[in-house]
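A.B. asks: Just the structure for this:
(one chain, ligands or ions: 1)
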Amino acid sequence: MKLFIDTANVEEIRKASEWGILSGVTTNPSLIAKEGRDLLDVIQEITSIVNGPISAEVISLEANEMVAEGEKYAALSDNIVIKVPMTIEGLKAVHAFSKKGIKTNVTLIFSANQALMAARAGATYVSPFVGRLDDISFDGLTLIRDIREIFDIHGISTEIIAASIRHPMHVLESAKAGSDIATIPYKVLEQMTKHPLTDIGIEKFLADWNKSQA
Ligand code: E4P
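C.D. replies: Residues are numbered from 1 along each chain as shown. Below is the predicted model of the structure:
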């Protein structure tokens, strides 16, 4: 499973990209708004840090407007992916983008049928939201398993991005469920690097080494 970072904060992206683990970036309007910066400026800056796919989400809700907006983002760089909400207008826009050879990520996926329709419209990626389903007492990981099963049975190549990741267990379980990608907040990426026995082990190695040098 590939690891993307889910943020519009360029410092977080810069730091995580130095670890060598990042395959891509996803943003959304809430994440961009949190930065208080112009959307195009942020996306442009991210393209100077990451070579992999970078999702930029459209604000428009009508298909033609989504296409016009997405084309502006796509013109920034070859690795821009246009993130489109899972609506009928969104499906029409995804279909139009796929005919133009522009990659798409269909977001706000909460059912396997939505994922199937997005894939059939030509989506490059679908983003099922694990955490937001868990928040309302539905099992977000069952959704990942269902989409994986359906895509495998029917030979669908659209990639699954496990999104709305809240903690390291979501990442672990998404990987076991066969998600192609998880898009992960910086804090969770950091948590994933840690284990108390690693810290204790380093401390002991150094203590033993220093004793032998005394
Ligand atoms: C997906 O691409 C979204 O940006 C994101 O994962 C949403 O997560 P949230 O539910 O924590 O807002």
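
A.B. asks: Which residues are in contact with P185?
C.D. replies: Applying Cβ atoms under 8 Å, 6 or more residues apart in numbering to P185 gives the contacts 5-7, 165. All C-beta atoms are positioned from the backbone trio N, CA, C, and that covers glycine.

A.B. asks: from those residues, which single one is nearest the ligand?
C.D. replies: Closest approach between the contacts of P185 and the ligand, by Cβ to the nearest ligand atom: D6, at 4.6 Å.

A.B. asks: neighbours around the closest one, how many?
C.D. replies: As a burial measure, D6 scores 23 neighbours (other Cβ atoms under 10 Å).

A.B. asks: Show me the beta-bridge partners of it.
C.D. replies: Following DSSP bridges, D6 is listed with bridge partners T26.

A.B. asks: Need the pLDDT of it.
C.D. replies: D6 carries a pLDDT score of 98 in this model.

A.B. asks: Just want the most central residue of this structure.
C.D. replies: Per Cα atoms, centre = their mean, the C-alpha nearest to the average position across the chain is that of T183, at 3.2 Å.

A.B. asks: part of a strand, is that residue?
C.D. replies: Yes. Counting by DSSP: H, G, I helix; E, B strand; the rest coil, one finds T183 located in a strand.

A.B. asks: OK, contacts around it?
C.D. replies: Applying Cβ under 8 Å, 6+ apart to T183 gives the contacts 4-6, 24, 26, 127, 161-163, 165.

A.B. asks: returning to that earlier point: buried members of the contacts of P185 into ChimeraX, please.
C.D. replies: Of the contacts of P185, the buried ones can be selected in ChimeraX as follows, counting by 16 or more other Cβ atoms under 10 Å:
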select :5,6,7,165
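
A.B. asks: Dihedrals phi and psi, the residue lying closest to S157 once chain neighbours are set aside?
C.D. replies: Take S157 and drop its neighbours on the chain: the residue closest to it by Cβ to Cβ, 6 or more residues apart in numbering is F151, 7.9 Å away. With angles defined as degrees, to the nearest 10, F151 sits at phi -60, psi -40.

A.B. asks: what's the single longest helix in the protein?
C.D. replies: Across the chain, the longest stretch assigned as helix under DSSP state H is helix 196-213.

A.B. asks: buried ones in it?
C.D. replies: When burial is assessed from 16+ other Cβ under 10 Å, helix 196-213 yields no buried residues.

A.B. asks: Now do that helix, average pLDDT.
C.D. replies: The pLDDT scores in helix 196-213 average 97.

A.B. asks: how far is that helix from where the chain is centred?
C.D. replies: 37 Å (Cα atoms, centre = their mean, to the nearest Å).
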